[in-house]
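*Asks:* sequence and predicted structure below; questions after.
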Amino acid sequence: MDSVSDLKSKEIKRATLNELVEYVSTNRGVIVESAYSDIVKMISANIFRTLPPSDNPDFDPEEDEPTLEASWPHIQLVYEFFLRFLESPDFQPSIAKRYIDQKFVQQLLELFDSEDPRERDFLKTVLHRIYGKFLGLRAFIRKQINNIFLRFIYETEHFNGVAELLEILGSIINGFALPLKAEHKQFLMKVLIPMHTAKGLALFHAQLAYCVVQFLEKDTTLTEPVIRGLLKFWPKTCSQKEVMFLGEIEEILDVIEPTQFKKIEEPLFKQISKCVSSSHFQVAERALYFWNNEYILSLIEENIDKILPIMFGSLYKISKEHWNPTIVALVYNVLKTLMEMNGKLFDDLTSSYKAERQREKKKELEREELWKKLEELKLKKALEKQNSAYNMHSILSNTNDE
Amino acid sequence: MAGAAGPGTGAGAAGGDGDDSLYPIAVLIDELRNEDVQLRLNSIKKLSTIALALGVERTRTELLPFLTDTIYDEDEVLLALAEQLGNFTGLVGGPDFAHCLLPPLESLATVEETVVRDKAVESLRQISQEHTSVALEAHFVPLVKRLASGDWFTSRTSACGLFSVCYPRASNAIKAEIRQHFRSLCSDDTPMVRRAAAAKLGEFAKVLELDSVKSEIVPLFTNLASDEQDSVRLLAVEACVSIAQLLSQEDLEALVMPILRQAAEDKSWRVRYMVADKFSELQKAVGPKITQDDLIPAFQNLLKDCEAEVRAAAAHKVKELCENLPIEGRETIIMDQILPFIKELVSDTNQHVKSALASVIMGLSTILGKENTIEHLLPLFLAQLKDECPEVRLNIISNLDCVNEVIGIRQLSQSLLPAIVELAEDAKWRVRLAIIEYMPLLAGQLGVEFFDEKLNSLCMAWLVDHVYAIREAATNNLMKLVQKFGIEWAQNTIVPKVLVMANDPNYLHRMTTLFCINVLSEACGQEITTKQMLPIVLKMAGDQVANVRFNVAKSLQKIGPILDTDALQEEVKPVLQKLGQDEDMDVKYFAQEAMSVVVQRLRKLDLPVKDCDEPSAPGADKNHFLRPRGPGEDAGKGPAYQLCVNPRETLAHPEIVGLVHFSQSRD
């Protein structure tokens, strides 16, 4: 608890731990059955603790320096020892599983909220080894990670170890057998996709996108629900996140099958069309970079008659209106590429552009008109109601008079 | 309501013939399906208008099924829908048809997003009250049961919030089932569901029969309070408050207290924090005897907890805890069992703990009385007044009134002064601002003599602070002081010093003089304003900085109502006329605006207005302002176009003016 008291005892503890680490890594046959219980007890006693409240109540993991664990000098050695123990050729999961059980793993997972990145890094390796060696714990570990993520998304919006857990999941997903179990698909759709809404997405987006793409490489039929999910959670006010989403979409498009592409091209390119005309030039630029990707270009070309009408309006408009010259230049290139893909359609769209705009305006007017009428109707009904209430009232009072 | 439904449908049908052709559901549904989320959202928010257009029957048979089928949308739209449906009973035909609203709300109660789900539950709770008892059992209770046994955790968490609204009106057989469902959710596999159940445990306990509370709720409470997850355990503490209120002292002691004691010593600081945070509620719920035997020792532990977070939460509750003790024996308990721990906290290592304590500690003086305050509390106050953390000192100063009532502020004044001076010069302007806010209060308590001697110079120094917000606050502070100490005091001590600043080389300080006059003139009355302030203001009309000149115009407008007609006619008007011809467009604008006000006032006083300068007043000739000015035109005729978007919107002007002219420092 106090990092400056009992310095001498702490030094002795450190020396002993160092000795232990040394001993298990250089000697064979030293991890005997009777030691397991004590080893796990020692590890539990040292690393399992309720994490303290953060020193900085408004800790922002993207901006602030983390508070480092005061007891790290010896905790580090305990983790070190734990790893050597797990990785020793003498280590026998069949014996260890009596001690490294669900309760143990549960407490281990809670430590991932540690603010100290050094601790989280050790935890990541430890959990990875445990997942690899204890087949009986796998489902439990996945379920608990699931719960941690759901709490993170929907309740606390705060958990320091999301990136580390996702990294482990990346390798777990990689090992999923085909066909994917319903449980895994549910995890993708109900946990990983909603995770994109998190405020601190930047801290773990790379790992998250990796997991998503892993899923799609396993089972291409998931492409459509995944992309629809991302479109549903598309950021509305945060440009940085929008750039991340675009990056992830490109990663997905890199591995998409042409048949899957056809299923989502319409909603997807409607969104891309909006991004391209974003007044934030980084968003527009990121979206326009799609046209530098050979594979995406070939997909667009195959489906040009669908995509060009969606994209044309905003491209045409920003080629005239965008404030940023780089964007305008990029748009010209994109327009040129699209024109080369289907010149006839391009010409048709150019000539019908104005009429199209006018039709939109007219529709807008019709909408307004409709709502105006509805409002009038509402007022009229309210008035009728009032009148009838008034009539009722006067009838009643008349009868009273009699 | 049933009676009203008759004529209502009649009228709807009569007007409905026309409406039907106008508003086929397809058109309305198109609106609800619009590609643009914002438009969709707007349509959903006006869902009641659509329902009204369709009439109750078609709302039931066409609109609601459509809404139920198309639940997949953006969460924002769903949230609006969930909210709307809570107020829809009238639009579907009243209580007899309230159950029609259940299917869409049931789907909404299962979506992922918490805010949507919570809103759906809220609406469902609202609608449950509108159900008839029969409909409640036929439609609402089955819905709760379905949600409670849903596959995904979201529906089960939603169910937790619905038990307490349907339980009281259900028959005994159904009641048993409802309890059974709640029991199973309390031991759900998913921590999210257990948390939801724990959060509703207290609410549910309140509607149960006492026997069931003892036989069923208490075991559930015991389990949740020892859950493996601290996030569940801490919610049980909240439930503890409600449950404790329901039980007799005997049962309380036997059934609840062991758990509460355990929670106060939980290994997770979050649980202990919760106990500290809910302390006053717990204290009231368990009554004086248990408080004395159990809670006070627990509170002592919380006050010396190893986590600062917990100590701060407990420190916040010190005053409330003491207040709520039974008056008999209160003093002894506080002196013997609480005060020693408070003394420790005064020198805590954590500033949040100290400042939490400082915000309540003064309140103890009224409870302990004069002698104890002087002997025991005063040293603590003095120590806190010298604390290194400004927040602690501020918290003490801001609560001085409590002490003043008991021992008078004189006892403190010697230590108070250095503390105030230091805060007054703090490097952070927000700290300086905070202490200014307390000046009028302090002045009232310390008296005019002490004030003049010690604090007056501080108040004047703030007027030339380099931060505008401080100068502004200092100006208002002067006005409040004058209200406290009277006109004579103002004339002798404040006004001369303010007026001297009119000759300051820094134009910001010269403007401060004007700002002070703006607020002081009314408090000082006509004589001082006319004789002492007006000449200075008029003199400043010749200032070389345009900002000063247009503030002269604004000041003249402001003090106009206080002056008599002679001063207005003979002194103010000529100066405003001159400023109205200023080369700077802002000066001109404000001068003309002031002029129109002055002229209006003169007219009200029924004096002939001789000159014809009226038309140049802004309200009189709008075109004059709106017309863009070419380079060749006479600059004297009107302000440049970019300033005069709308001369009536004076609010917009200071901002524009700020851009054009000054670089006010706001650090």
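*Replies:* Okay, I see it. Every value quoted in this text rests on a predicted model; they were computed, and no experiment measured them.

*Asks:* contacts, neighbours, all on C-alpha from now
*Replies:* Will do.

*Asks:* now do the contacts for A:Pro52.
*Replies:* Applying CA atoms under 8 Å, 6 or more residues apart in numbering or on different chains, we find A:Pro52 in contact with B:Trp269, B:Glu307.

*Asks:* so who does whichever residue of chain A sits closest to chain B touch?
*Replies:* Proximity of chain A to chain B (CA to the nearest CA) peaks at A:Thr50, 5.6 Å away. The contact partners of A:Thr50, taken as CA under 8 Å, 6+ apart, are B:Lys267, B:Ser268, B:Trp269.

*Asks:* can you narrow those to ones near chain A?
*Replies:* Near chain A, judged by CA under 8 Å from any CA of the partner chain, the entries from the contacts of A:Thr50 are B:Lys267, B:Ser268, B:Trp269.

*Asks:* among the residues you listed, name the buried ones.
*Replies:* Applying 16 or more other CA atoms under 10 Å in any protein chain shown to the ones next to chain A among the contacts of A:Thr50, the neighbour count classes B:Ser268, B:Trp269 as buried.

*Asks:* can you check the pLDDT for the residue nearest to B:Val421 when sequence neighbours are not counted?
*Replies:* Spatial nearest neighbour of B:Val421, excluding adjacent residues (CA to CA, 6 or more residues apart in numbering or on different chains): B:Leu458 at 7.5 Å. Here the pLDDT value assigned to B:Leu458 is 85.

*Asks:* which elements pack onto the helix or strand containing B:Leu458?
*Replies:* Assigned by DSSP states H and E, B:Leu458 belongs to helix B:456-462. Contacts defined by 3 or more CA pairs under 8 Å, 6 or more residues apart in numbering or on different chains; DSSP states H and E place helix B:456-462 against helix B:468-485.

*Asks:* centre of the chain to the helix it packs on, how far?
*Replies:* How far helix B:468-485 lies from its chain's middle: 24 Å, per CA atoms, centre = their mean, to the nearest Å.

*Asks:* cool, stretch A:321-340 as well?
*Replies:* How far stretch A:321-340 lies from its chain's middle: 31 Å, per CA atoms, centre = their mean.

*Asks:* tabulate the ones next to chain A among the contacts of A:Thr50 (JSON lines), appending distance to B:Val92.
*Replies:* Below are the ones next to chain A among the contacts of A:Thr50 laid out as JSON lines (distance: CA to CA, whole Å):
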{"residue": "B:Lys267", "distance to B:Val92": "53"}
{"residue": "B:Ser268", "distance to B:Val92": "50"}
{"residue": "B:Trp269", "distance to B:Val92": "50"}
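
*Asks:* out of the ones next to chain A among the contacts of A:Thr50, which sit inside helices?
*Replies:* Judged by DSSP state H, the ones next to chain A among the contacts of A:Thr50 include B:Trp269 as members of helices.

*Asks:* and which of the ones next to chain A among the contacts of A:Thr50 is nearest to chain A?
*Replies:* Comparing the ones next to chain A among the contacts of A:Thr50 against chain A with CA to the nearest CA places B:Ser268 closest, at 5.6 Å.

*Asks:* just the pLDDT for the closest residue in space to that closest one that isn't next to it in sequence.
*Replies:* Closest residue to B:Ser268 apart from its sequence neighbours, by CA to CA, 6+ apart: A:Thr50 at 5.6 Å. We have a pLDDT of 88 for A:Thr50.

*Asks:* element containing A:Thr50, please.
*Replies:* Under DSSP H and E, no helix or strand contains A:Thr50.
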